Structures are given as C-alpha cells and as structure tokens.
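Peer 1: Sequence below, structure please.
(2 chains)
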Amino acid sequence: MLKLPIYLDNNATTPLDPRVLEAMMPYLTEVFGNAASRNHPFGWAAEEAVDYAREQIAGLINCDPKEIIFTSGATESDNLGIKGVFEMYSQKGNHIITATTEHKAVLDTCKHIEKLGGRVTYLPVDAEGLISLADLEAAMTPETILVTIMYGNNETGTIQPIREIAAIAHKHGALFMTDGTQAVGKIPVDVIADGIDLMAFTAHKMYGPKGVGALYVRRKNPRVKVTAQMDGGGHERGMRSGTLNVPGIVGLGKACELCKQEMEADTQRLSAMRDRLERELLTLEESYVNGSREHRLPHVANISFKYVEGEGLMMGVKDLAVSSGSACTSASLEPSYVLKALGLSDDLAHSSLRFGLSRFTTDEQIDYAINHVKEAVTKLREMSPLWEMFKEGIDLNSIEWAEH
Amino acid sequence: MAYSDKVIDHYSNPRNVGTLDKSKKNVGTGLVGAPECGDVMRLQIEVDEATNTITDAKFKTFGCGSAIASSSLATEWLKGKTVDEALAIDNMEIVEELALPPVKIHCSVLAEDAIKSAISDYRVKNGLPALEESKSHH
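Peer 2: Next comes the predicted model:
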C-alpha cells in the first residue's frame, strides 16, 4: 500500500538513512564526551569518532581529513567561507564574483559584504542556468579575491562547469569556492581534480542529520585561511569555535561513506526514474523542463506547466510533497528568482514544480506521481480561461489585462 | 497554508465550470485579473431579459484554490438572482462564506469584480451605460 503524501522534495532535505542513525546512536547516549576534553577517555572517544568522520568525508571529496571544518550546516559554511575570505584577504583586494542563481546563503552573504565596502559581481546565467566563462573572465580584476559559484543548483539541478571556472579564478590569482550542498554525495566531487579551494556542504541533503555541515578549506597549493566568524575556544584550527556536534559529525561521516559506496548505483537508478517522470510529464502539452538537461544532477527535475497557476497546482498535487517556483504565501506573488534568472516569465516560473528524488524513492511512487500530476494539470487547464484562449489560438499578449 | 473545508470542496468539485456563448446578446462576460498577477477569472452570466433574472452562470479561473473557490461560489450565488441583486454581492460575503484568510481577500475582490464586469458587459450589449471602475483597480 502506497503511503501518502509521497515525499519528492529531497532538495529541501532528505530522510535520515537508518544506517546513519545507527552509527549516531552511541554518540547520543553513552559516548557523550566533549571532543575537546583531552584529559579523559570520554573526550578521547569523542575525538576519535570525529577524526574517523573526517576521514569518511575526506574519502568522498578527495581531500585531507585536516581540511574539514565542521559547522552547523551549509548556510554557516557559506557565511564562513565568504566572510572569512573577505576579511582574511582584505589586503589583496575586495572583489568577489558570484552568480544570480546562487542560494540565498551566498547571495545574502554577498549583500552583507557589499555593506562592508566590498564589491560583488553577480554573473547572469543563460536559459539553461549556466554562467558564461567569457563573462567570468571579463569580470576578473586584480582586486578579485574570490569566485564563488555553486556546484549544482538547488532548484533546477543545473551543474556549472566547475573545473573551467576554477581554472579562470586561479589564473587571475583568486580563490575558488563552491556551494556543494546539492552535489556532494550525489555526483563525484573531487576537490583536487576540480580545483576547489573552499566548499560548503551539509549532511541533511545526503541522508544525514540536520544541523551539521562542513567547510572544506584547502591547506596546500595554496594554503587557504579564513577569519573565524565565531569567536571562542579556537576549535577547528581556530576557524570555527564551538563544541563539536559529535553525533551529528558521526552522522555526516557515515552519510558520506554510504554516498561514496552507493553513488554509482543510486545515480543510475535515480536518473532512470527521473527521466521516466520527466518523459511522461512532458507528454502534457505546453510543459517545459527548466534548466540544463545535459548538465544536471541525476535526481532533480524542474518542470513548468503553462496556463496553470502555481498555487492551484500545488493544491491539486496534494498527495505529493514537492516544491513550486511560486512563493505565493502573501498577497504579493514572488516567483522563483532562480527561474526568473533563466529568463522564464512570471507565469511560467509560478507554474513550475520541482521534483527531488532520493535513495528511498520507488518506481511505484513515481508511477503515482506521474498520474497525479497529469490529472491535476489536465483538470486545472479545463478550468483555466487562459488554456481555453490558447486552444482558440488567441495570443494572450494581445489582451489588455486589468492589472490589479 | 491550510484551506477551509469550503475552499477545498469548491476546488475539488467546482460548480458551473464552462463557457457561455458570448455572441448572444443576453450573455455578459467579465474577464478580470492578469496572468502575471497569478489569477485570471472569466465569469459569464445569461440573463432572462423579461424578468431581468440571471438564469445561468459559468466560470473559468486561472488561479489558486481560493480564487477558484471564490468564482465557483459566485456562480452558485448568481443563478436565480436579478441583475440588481447580483450587483449587491459584496466581496466580504465571499470571504465569510469561504473563511478566506487576509492574504486571500484579493481573490474575493476579483470575484466581485468579475460579477460587476459581466453585468457591465451585459448592460453595454443592451444599450445601457457601463458600470463604473471596479474595486481592485488601485
């Protein structure tokens, strides 16, 4: 029996893998020591667990275990990386380059940097959500200290040309940071081969617990340092003070280990399911995939259904837990800025659904989702005056709408 | 957001979805809202000219559940009313009936506008002056 609603919002968060919980349990109960307590076995056991987690994480992203700085999650890691570099390298310059489709954790941090007197360039993206390398090259200046471009986009799954971006940043003497939140654990991310100097990521997007993440900070070629944003006991090589969240860190480590083991199989299974979902939904007239289909995370599909309204659509697919490109919780509608950046009109942005599959998604759930969405879209279109006009061949732009 | 039972009922079983023949002289059509604002309502009335009574009403709405419910409810209320009675329908009656939250009041305003716009269209078709500007134009 299929349990409803079906969870397909795995870009928001993933369920905890039972194997991760199992690994964490002892550290929530009997092994409760503070990893910074050097004087007794309680502390040693905690420290040992943390060190083991560093190795599991390092194994996934191909870094040195010492290069992992534990944080409370990707938002904190983004903040620490960007603000920390801005402060640490202020002698060299004050210019940061990012993109308009970044997560708010990056964009709002950059806004903060601007208030502090920094200069930030927000690169546009093309219709697929990709930045232009020529734009990046043109934006580089001698004052550029950091280029921060996300690995895979949270709304569309679009994967940026990370290696090429890193190469351009390095050529001009800037550091390269990436928000790897959606990519780490889902696709191969190799900080050496990719040329990544700093990377933010989090446990709860890869079947780990909430409230724990990490910032990868390169230690050699070049040695990167960030100014701490949290002052205190000098944990994490002085870059992030605060007692370590030992059970969370153990969970993050285990989640990384499992992702490494199962990535290939998961990718195959999920991309096949995603492609089937997408193929079926695209049989609906006037439906469009948002973002690059070629350069994309394997578990994400973002589709717009023209002539149906986003919130009405969400209500129609009540048996699915998905996200919409519409933030229609107030009287003023705010369509997704990511989809707008791809050049989508407000109405197409509003009528989009984001599907995020997980390791636990089944074929049966996808079957249900396909039928449920098809039914909802068809029903809403039968009710939509815009659909009727479209069918009659009326150009909606020719109508003088009463703005309200 | 939690919808009231009545909104869910109208959304799931909308009353009077459809299209009336707008070329007929006794059919008034109101098309209000705008696609980029996220809601467009088309509401139509068919009037028995002898009694000035609305004999049929149909709607199609592009919008959220509350917008669909507001227009569905409006068509239910319109049938059997005289044109003058229909003009007296106030958006707050729709708000109360559907228990719309404050952020959805604009849906009821749009429904009232659609009613007035349909009546105005009917009046113009029948040689009467159009009604004045609607509520939502601000």
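Peer 1: Secondary structure class of the nearest residue to A:L198 once chain neighbours are set aside, three-state.
Peer 2: Nearest residue to A:L198 in three dimensions, chain neighbours excluded: A:M177, at 3.9 Å (C-beta to C-beta, 6 or more residues apart in numbering or on different chains). In this view, the C-beta of every residue, glycine as well, is placed from N, C-alpha and C. Secondary structure state of A:M177, per DSSP: H, G, I helix; E, B strand; the rest coil, is strand.
Peer 1: Spell out which parts of chain B neighbour chain A.
Peer 2: B:1, B:3, B:11, B:14, B:17, B:19, B:31-42, B:60-65, B:67-68, B:103, B:105-106, B:109-110, B:113, B:134, B:136-138 (C-beta under 8 Å from any C-beta of the partner chain).
Peer 1: Now the buried members of these.
Peer 2: B:3, B:11, B:14, B:17, B:31-35, B:37-42, B:60-65, B:67-68, B:105-106, B:109-110, B:113, B:134, B:136 (16 or more other C-beta atoms under 10 Å in any protein chain shown).
Peer 1: In helices only, show me these.
Peer 2: Counted as lying in helices by DSSP state H, out of those, are B:11, B:65, B:67-68, B:105-106, B:109-110, B:113.
Peer 1: so where is chain B shaky, pLDDT-wise?
Peer 2: Applying pLDDT under 70 to chain B flags residues B:1, B:133-138.
Peer 1: can you give me the strands for it?
Peer 2: Remark: strands assigned in chain B by DSSP state E are B:27-34, B:39-48, B:53-62.
Peer 1: For chain B, give me its nearest residue in the stretch 51-200 of chain A.
Peer 2: Residue nearest to chain B within the stretch 51-200 of chain A: A:E155 (18.6 Å; C-beta to the nearest C-beta).
Peer 1: And the ones in helices among the buried ones among the residues of chain B next to chain A, which is closest to A:A74?
Peer 2: B:G65 (33.2 Å; C-beta to C-beta).
Peer 1: Identify the residues contacting that closest one.
Peer 2: A:311-312, A:315, B:3, B:7-8, B:11 (C-beta atoms under 8 Å, 6 or more residues apart in numbering or on different chains).
Peer 1: Can you say which two of the residues you listed are spatially most distant?
Peer 2: Longest span within these, C-beta to C-beta: A:E311 and B:I8, 13.5 Å.
Peer 1: Compare neighbour counts for the two and give me the winner.
Peer 2: Per other C-beta atoms under 10 Å in any protein chain shown, whichever of A:E311 and B:I8 has more neighbours is A:E311, with 24 against 15.
Peer 1: hang on, the earlier thing: is it true that the residue of the stretch 51-200 of chain A closest to chain B lies in a helix?
Peer 2: No. Counting by three-state DSSP, A:E155 is not found in a helix; it is coil.
Peer 1: That one and A:A174, how far apart?
Peer 2: Applying C-beta to C-beta, to the nearest Å, the value for A:E155 to A:A174 is 26 Å.
Peer 1: do the same with A:S90
Peer 2: Going from A:S90 to A:A174 by C-beta to C-beta gives 14 Å.
Peer 1: Just want to know which of the two has more residues nearby.
Peer 2: The residue with more neighbours, out of A:S90 and A:A174, is A:A174; 27 against 14, by other C-beta under 10 Å.
Peer 1: Quick check, that one in contact with A:I145.
Peer 2: Yes. Assessed by C-beta atoms under 8 Å, A:A174 is found in contact with A:I145 at 5.8 Å.
Peer 1: Need phi/psi at the closest residue to chain B within the stretch 201-350 of chain A.
Peer 2: Distances between the stretch 201-350 of chain A and chain B by C-beta to the nearest C-beta are smallest at A:E311, namely 3.7 Å. Phi and psi for A:E311, reported as degrees, to the nearest 10, are phi -70, psi -40.
Peer 1: just the one 10 residues further on next, same as before
Peer 2: Main-chain torsions, A:A321, degrees, to the nearest 10: phi -100, psi 100.
Peer 1: my guess is it contacts A:Y7, does it?
Peer 2: Yes. At 4.7 Å, A:A321 counts as touching A:Y7 under the criterion of C-beta under 8 Å.
Peer 1: Between these two, which has more neighbouring residues?
Peer 2: Of the pair A:A321 and A:Y7, A:Y7 is the one with more neighbours under other C-beta under 10 Å, namely 19 against 15.
Peer 1: residue contacts, that one?
Peer 2: If you count contacts by C-beta under 8 Å, 6+ apart, then A:Y7 has A:15, A:321, A:358 around it.
Peer 1: do that again at 10 Å, thanks
Peer 2: Shown in contact with A:Y7 (C-beta atoms under 10 Å, 6 or more residues apart in numbering or on different chains): A:13-15, A:320-322, A:356-358, A:360-361, A:365.
Peer 1: Which of those sits closest to chain B?
Peer 2: The closest of the contacts of A:Y7, once distances to chain B are taken by C-beta to the nearest C-beta, is A:A321, at 14.7 Å.
Peer 1: pLDDT wise, what is the closest one at?
Peer 2: With respect to pLDDT, A:A321 scores 96.
Peer 1: Now for it: which residues touch it?
Peer 2: A:4-10, A:12, A:356.
Peer 1: Okay, and which of the residues you listed map to strands?
Peer 2: Filtering the contacts of A:A321 for strands - DSSP E - leaves A:6-7, A:356.
Peer 1: Output those residues as TSV; include the columns pLDDT and distance to A:R276.
Peer 2: Putting the ones in strands among the contacts of A:A321 into TSV (pLDDT from 0 to 100; distance: C-beta to C-beta, whole Å) gives the following:
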residue	pLDDT	distance to A:R276
A:I6	98	15
A:Y7	98	18
A:G356	98	15
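Peer 1: A:P65: which of those is nearest?
Peer 2: A:G356 (29.7 Å).
Peer 1: Isn't the closest one up against A:S323?
Peer 2: Yes. Here A:G356 reaches A:S323: they are 7.7 Å apart, a contact under C-beta atoms under 10 Å.
Peer 1: Which one's more surrounded, the two?
Peer 2: More crowded of A:G356 and A:S323, by other C-beta under 10 Å: A:G356, with 28 against 20.
Peer 1: If we go by neighbour counts, what in stretch A:87-107 is buried?
Peer 2: Neighbour counts over stretch A:87-107 (16+ other C-beta under 10 Å) mark A:88-89, A:93-103, A:105-107 as buried.
Peer 1: now A:A53, nearest residue through space, not along the chain?
Peer 2: A:G253 (2.8 Å).
Peer 1: now the strands: where do they sit in chain A?
Peer 2: According to DSSP E, the strands that chain A contains are A:6-7, A:68-71, A:95-99, A:119-123, A:144-148, A:175-179, A:198-202, A:213-217, A:287-289, A:300-305, A:320-321, A:323-324, A:352-356.
Peer 1: What average pLDDT does the helix ranked longest in chain A get?
Peer 2: With secondary structure taken from DSSP H, chain A has its longest helix at helix A:246-281. Per-residue pLDDT over helix A:246-281 has a mean of 98.
Peer 1: before we move on, what about stretch A:303-312?
Peer 2: For stretch A:303-312, the per-residue pLDDT averages 92.
Peer 1: go on, stretch A:206-220?
Peer 2: For stretch A:206-220, mean pLDDT is 98.
Peer 1: buried sites along that stretch?
Peer 2: Buried residues in stretch A:206-220 (16+ other C-beta under 10 Å): A:206-218.
Peer 1: ok, now stretch B:69-77?
Peer 2: B:69-75, B:77.
Peer 1: cool, and stretch A:6-13?
Peer 2: For stretch A:6-13, the neighbour count (16+ other C-beta under 10 Å) marks A:6-11, A:13 as buried.
Peer 1: likewise stretch A:245-265?
Peer 2: A:245-260, A:263.
Peer 1: From A:T100, how far out is A:L146?
Peer 2: Separation of A:L146 from A:T100 (C-beta to C-beta) stands at 17 Å.
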